[in-house]
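Novice: Please find the sequence and the predicted model below.
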Amino acid sequence: KAGVTQTPRYLIKTRGQQVTLSCSPISGHRSVSWYQQTPGQGLQFLFEYFSETQRNKGNFPGRFSGRQFSNSRSEMNVSTLELGDSALYLCASSPGRGSTSPLHFGNGTRLTVT
Amino acid sequence: ILNVEQSPQSLHVQEGDSTNFTCSFPSSNFYALHWYRWETAKSPEALFVMTLNGDEKKKGRISATLNTKEGYSYLYIKGSQPEDSATYLCASYTGTASKLTFGTGTRLQVTL
């Protein structure tokens, strides 16, 4: 069974630009969550999608948005990039929602904003 | 406790040593506690999901306990090996937040 796939692995963008990150979950998994990791910080929750609907959102500005398609693939978009958006963005999938489903993580997209 | 806190931040042990780390989390409206291992250049991997007070889980040389009343969990590694070197993350799920909140992790380095 293929794991969670994130593309691209690395990305370099300039301040003010926008970026779209992609996540393909494990086949059959319907829940996709996104996390941001910066040095010294734990994984910060961005949002969770289930059955194409955003179910929960973290404390991030409106520049961060996402969506989920009918095949459960998800995309995350960041507009008007700022230097502080430089981070590792991780996507995770699980079969369903709820507290007892362990997350299966992708390898992440490393975004650098210059 | 309002957030998930892990201690120590980092740990350096010799091969064969046994070690343990702590995860503290909000005890109110608790649903579940997750442990993940994150090796360098890899993705985080789930170790345990624990829900009941007094729960104990074991996977090889790694085990974990859970105290939901006081809001803490311990992760134990018996006879550490170099391949145990990783960052160990815990995350709690509460009904209030309806999401996993991660701690900043304990970075373990095991040397020969």
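Specialist: Received the coordinates, thanks. These numbers were taken from a predicted model, which means no experiment stands behind them.

Novice: can we go C-alpha only for contacts and neighbour counts from here?
Specialist: Will do.

Novice: Strands of chain A, start to end?
Specialist: A:5-7, A:10-13, A:19-24, A:31-37, A:44-50, A:53-57, A:64-68, A:74-78, A:87-94, A:104-105, A:109-113 (DSSP state E).

Novice: now the fifth one: mean pLDDT?
Specialist: In this case it means strand A:44-50. Averaging the model's pLDDT scores along strand A:44-50 yields 94.

Novice: ok, it near chain B or not?
Specialist: Yes: using Cα under 8 Å from any Cα of the partner chain, strand A:44-50 reaches chain B at A:44, A:45.

Novice: Give me the angle between that strand and strand A:31-37.
Specialist: Taking axes from the mean of the first three to the mean of the last three Cα atoms, to 10 degrees, strand A:44-50 and strand A:31-37 form an angle of 170 degrees between their directions.

Novice: Tell me which strands strand A:44-50 pairs with, and in which orientation.
Specialist: strand A:31-37 (antiparallel), strand A:53-57 (antiparallel) (DSSP bridges).

Novice: Make a markdown table out of the ones you listed and add mean neighbour count, distance to residue B:3 and mean pLDDT.
Specialist: A markdown table is the format used below for the strands paired with strand A:44-50 (neighbours: other Cα atoms under 10 Å in any protein chain shown; distance: least, Cα to Cα, whole Å; pLDDT from 0 to 100):
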| stretch | mean neighbour count | distance to residue B:3 | mean pLDDT |
| --- | --- | --- | --- |
| strand A:31-37 | 25 | 16 | 96 |
| strand A:53-57 | 16 | 17 | 92 |
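
Novice: still on that earlier bit, out of the strands of chain A, which comes closest to residue B:64?
Specialist: strand A:104-105 (19.6 Å; Cα to Cα).

Novice: contacting residues around the closest one?
Specialist: Residues from elsewhere that reach strand A:104-105, judged by Cα atoms under 8 Å, 6 or more residues apart in numbering or on different chains: A:3, A:4, A:90, A:91, A:92, A:93, A:94, B:43, B:44, B:45, B:46.

Novice: Sheet partners, orientation included, of it?
Specialist: strand A:87-94 (antiparallel).

Novice: quick one: average pLDDT of the partner strand?
Specialist: Rounded mean pLDDT across strand A:87-94 is 97.

Novice: what residues does chain A put near chain B?
Specialist: Residues of chain A lying near chain B (Cα under 8 Å from any Cα): A:40-45, A:56, A:98-108.

Novice: Would you mind listing which of those residues are buried?
Specialist: For the residues of chain A next to chain B, a burial check counting by 16 or more other Cα atoms under 10 Å in any protein chain shown picks out A:42-45, A:98-108.

Novice: Out of the residues you listed, flag the one nearest to residue B:24.
Specialist: For these, the nearest to residue B:24 is residue A:42 (13.9 Å; Cα to Cα).

Novice: is it true that the closest one touches residue B:104?
Specialist: Yes: Residue A:42 sits in contact with residue B:104 when judged by Cα atoms under 8 Å, with a separation of 3.9 Å.

Novice: one step back: adding distance to residue B:18, write the strands of chain A out as TSV.
Specialist: Formatted as TSV, those follow (distance: least, Cα to Cα, whole Å):
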stretch	distance to residue B:18
strand A:5-7	35
strand A:10-13	37
strand A:19-24	38
strand A:31-37	29
strand A:44-50	30
strand A:53-57	39
strand A:64-68	42
strand A:74-78	41
strand A:87-94	31
strand A:104-105	28
strand A:109-113	34
